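Asks: Fold the following and give me the result.
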Amino acid sequence: MRARTWATASTGAILASLVAALPAQAAEAAPATRVDLRALEWSPCEDIGPVGDETLECATLTVPMARGDDGGSARGQDATVDLALSRVPATGTAEHTLLVNPGGPGSAGRMWASHTHRRMSEELREVYDVVSFDPRGVGASNPAVACDPDFFTAVRPDTVPAGPDEEAALLDRAEAHAQACADNSGPILEHMRTEDTAHDMDAIRAALGEERIDYLGYSYGTYLGTVYSALYPERVRALVLDSVVNPDHPWYDSNHVQSRALDRAAGAFFAWVARHDDAYGLGGTREEVADAYYALRERLGTAPAADTVGPTELEGVAIVVAYSGRTWPAVASALSAQVNDDDPAPLVDLHETYGDDAGSDNGYAGYLAVQCTDSHWPKDWDTWRSDTEDVHEDAPFMAWHNTWYNAPCATWSAPADDWFGVGDTPYERPAYSGDALVVHATGDGATPVEGAHALHRRLTGSALVIEDGGRTHGVALTGNTCVDEAVTAYLLRGELPEAGPGADLTCEAGPEPRPREAQREPTPDLQRIGPFGLDRASDSAEMVE
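Replies: Below is the predicted model of the structure:
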């Protein structure tokens, strides 16, 4: 292990050495966030409960809505945002604070204090307070963004347009949704960029009384952590980035890359179902299972299951197989019941658990508010159509679904800015050069593993841990002993795996899931919380029983 022992110097000495090692422009650029620095008032959470036996506390922090270049309130702007925070205190004497973000963007995060604390080793729980938060605009943070709760009412139009008329109707629907977001969200819609949330993170750090913060970010949370560490490099003690958003791909490009990765992950699922044809009866080869899936998708276009699950709702169920292999038995059982027994109940159950509904409005609004303004999107719809057709030809599983999910960005009312790129030319902002741990599974469908290698190259002080053969989106602290020991050693002692070619540490994935011939009820905590957010299925031990 290459190590930096946290206790070898005073906090001030470590901080000074970090700043001294930075390029001059990076050290000078760190803004001083101006917020109300009174101590946070923690009290028992009234609206959410802990996952286990933890003591979950909540607090509110008020921050500027509009940020200036220095991260404080923009001149002449006095509007504020109330951030909803949660905390699980250390079981012993708190020595550090771990701030957690589960991704999204647009995902409420307060439950992740409990999720993360429960999954940590006892030695981590003893010395770490775990803090999470609902990012600005979402969850219990106020004001909240909103669009149209009826947008997800089943049965929605098929995402794959049958012709020009159907495509025009879908485009009108996307434009109307963008307008609804503008009408119903208020001024916060113009202050939802990742940089805004990164500044909020530093306000949280300051309010906690911490000189430096430890951070664990999953999926989109890796991009948030990358931006934070570039803005505030001297305020990072430890940085764990799991299931990486590629820093080289602004969101429009990233979503097309993701569509291809989702298709590869679906292929792995189809192959697994074929290996267990005796349990599911959907075909003995990957191709046969894929044909059965797409044939079902076509049939649901004319006869939705229980008048609820059409092709688009089916995609909302099926996409979770690309986020976690632990979902495979449930989804395979539901597909089998519908195809072989004409029984829609399991599929409807999964739709009610995984799929979007009126309650998804705030999360989807938050997702769009970030993605549509983080970087520029094509204004010419011909570009969207051409690019999507190219992807769909090779990767039909989610190509059009992903495009329509993001299509409101084509007419989004709030202005977009340049992508916050870090590292080498052509980017202007220096990347964080301190210690970091990057973690990724090779078979992750939501964020392709190439992004982890790209970020590892950008963060020159980082170590890369790869779960070889893993299918889970979100690996750290989910039970892989090899990965979890590396995360624990880094957080406790600053130890990173020895540098090596490619990955610095390769951990073998656990066994693939076992088939179950009958599963009518989905696991309650099995929820997808955003295209670039952590799938809670990866947190469910019940899924592998």
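Asks: Model confidence for G72, exactly?
Replies: pLDDT for G72: 71.
Asks: quick one: it and P64 touch, right?
Replies: Yes - when contacts are counted by C-beta atoms under 8 Å, G72 is listed as touching P64 (6.5 Å). C-beta: built from backbone N, CA, C; applies to glycine.
Asks: between the two, who's got more neighbours?
Replies: Set G72 next to P64 and count neighbours by other C-beta atoms under 10 Å: P64 wins out with 23 against 18.
Asks: G186 against N142, yeah?
Replies: No - counting by C-beta under 8 Å, G186 stays clear of N142, with 11.0 Å between them.
Asks: Looks to me like E467 is in a strand.
Replies: Yes - counting by DSSP: H, G, I helix; E, B strand; the rest coil, E467 falls inside a strand.
Asks: how many other residues sit next to it?
Replies: When neighbours are counted by other C-beta under 10 Å, E467 registers 28.
Asks: and it, what does it touch?
Replies: Taking C-beta atoms under 8 Å, 6 or more residues apart in numbering, we find E467 in contact with 439-442, 475, 480, 483, 507-509.
Asks: And those residues, which of them are buried?
Replies: Buried members of those, counted by 16 or more other C-beta atoms under 10 Å: 439-442, 475, 480, 483, 507, 509.
Asks: Sitting in strands, which of those residues do you find?
Replies: 439-441, 507 (DSSP state E).
Asks: Most widely separated two among those?
Replies: Comparing all pairs in these by C-beta to C-beta, the longest separation belongs to H440 and C507, at 10.7 Å.
Asks: intersection of neighbour lists for these two?
Replies: Common neighbours of H440 and C507, counting by C-beta under 8 Å, 6+ apart, are 465-467.
Asks: Tabulate these in CSV, adding columns for pLDDT and distance to D380.
Replies: Formatted as CSV, the shared contacts of H440 and C507 follow (pLDDT from 0 to 100; distance: C-beta to C-beta, whole Å):
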residue, pLDDT, distance to D380
V465, 98, 41
I466, 98, 39
E467, 98, 40
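Asks: quick one: the strands in the stretch 351-500 of the chain?
Replies: Applying DSSP state E, counting those that start in this stretch to the stretch 351-500 of the chain gives strands spanning 436-441, 462-468, 495-496.
Asks: tell me the most buried of the ones you listed?
Replies: Burial of the strands of the stretch 351-500 of the chain is given as mean neighbour count (mean count of other C-beta atoms under 10 Å); strand 436-441 ranks first at a mean of 28.
Asks: So which residues make contact with that strand?
Replies: So strand 436-441 is contacted by 222, 229, 238-244, 447, 449, 451-452, 455-456, 459, 461-467, 469-473, 475-476, 483, 486-487, 490, 496, 509 (C-beta under 8 Å, 6+ apart).
Asks: Specify the angle between it and strand 462-468 in degrees.
Replies: Here strand 436-441 runs at an angle of 10 degrees relative to strand 462-468 (axes from the mean of the first three to the mean of the last three C-alpha atoms, to 10 degrees).
Asks: Going along the chain, name the strands of the stretch 101-250 of the chain.
Replies: Using DSSP E, counting those that start in this stretch, strands in the stretch 101-250 of the chain cover 103-104, 128-134, 213-218, 236-242.
Asks: Neighbouring strands - and their directions - for the second one?
Replies: So that's strand 128-134. Strand 128-134 sits in its sheet next to strand 80-88 (antiparallel), strand 96-101 (parallel), going by DSSP bridges.
Asks: Dump these to a markdown table, plus distance to T159.
Replies: Shown next, in a markdown table, are these (distance: least, C-beta to C-beta, whole Å):
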| stretch | distance to T159 |
| --- | --- |
| strand 80-88 | 33 |
| strand 96-101 | 29 |
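Asks: Same list (the ones you listed) but as CSV, adding mean neighbour count and mean pLDDT.
Replies: Conversion of these to CSV gives the following (neighbours: other C-beta atoms under 10 Å; pLDDT from 0 to 100):
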stretch, mean neighbour count, mean pLDDT
strand 80-88, 23, 96
strand 96-101, 24, 97
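Asks: give me the number of residues near A454?
Replies: Here the number of neighbours of A454 (other C-beta under 10 Å) works out to 19.
Asks: doesn't L350 make contact with A332?
Replies: No - with contacts counted by C-beta under 8 Å, A332 stays clear of L350, the gap being 10.8 Å.
Asks: and the two? which has more neighbours close in?
Replies: Comparing A332 with L350 by neighbour count (other C-beta under 10 Å), the higher total belongs to L350, at 28 against 25.
Asks: residue contacts, that one?
Replies: Going by C-beta under 8 Å, 6+ apart, L350 touches 317, 330-331, 334, 522.
Asks: Neighbour count and distance to D150 for the residues you listed - can I get that in TSV?
Replies: What follows is the contacts of L350, written out as TSV (neighbours: other C-beta atoms under 10 Å; distance: C-beta to C-beta, whole Å):
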residue	neighbour count	distance to D150
V317	26	20
A330	27	28
V331	23	27
A334	27	26
P522	24	24
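Asks: Looking at those, which is nearest V309?
Replies: Nearest to V309 among those, with distances taken as C-beta to C-beta, is V317, at 7.3 Å.
Asks: The residue found closest to that closest one once you drop the neighbours it is linked to in the chain is in what secondary structure piece?
Replies: Leaving aside its sequence neighbours, V317 sits nearest to L350 (C-beta to C-beta, 6 or more residues apart in numbering; 4.7 Å). Using DSSP states H and E, L350 sits within helix 345-354.
Asks: buried residues in that helix?
Replies: Buried residues in helix 345-354, counted by 16+ other C-beta under 10 Å: 346-351, 353-354.
Asks: could I get that helix in CSV with only the CA atoms?
Replies: Taking Å, rounded to 0.1, in the frame of the first residue of the first chain, the C-alpha atoms of helix 345-354 are listed here in CSV:
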residue,chain,number,x,y,z
ALA,A,345,-49.2,-9.0,-12.0
PRO,A,346,-45.4,-9.4,-11.4
LEU,A,347,-44.7,-6.9,-14.2
VAL,A,348,-47.2,-4.4,-12.8
ASP,A,349,-45.7,-4.9,-9.3
LEU,A,350,-42.2,-4.1,-10.6
HIS,A,351,-43.5,-1.0,-12.5
GLU,A,352,-45.1,0.3,-9.3
THR,A,353,-41.7,-0.2,-7.5
TYR,A,354,-39.2,0.8,-10.1
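Asks: For that helix, what does the pLDDT average out to?
Replies: What helix 345-354 shows for mean pLDDT is 96.
Asks: Tell me where the model's unsure across the stretch 201-350 of the chain.
Replies: Within the stretch 201-350 of the chain, no stretch has pLDDT under 70.
Asks: for it, what spans make up the helices?
Replies: Along the stretch 201-350 of the chain, counting by DSSP state H, counting those that start in this stretch, helices occupy 220-231, 251-275, 277-280, 286-302, 311-318, 328-341, 345-354.
Asks: what is the orientation angle of the last one with helix 311-318?
Replies: Right, helix 345-354. Going by the same axes, to 10 degrees, helix 345-354 is angled at 80 degrees with respect to helix 311-318.
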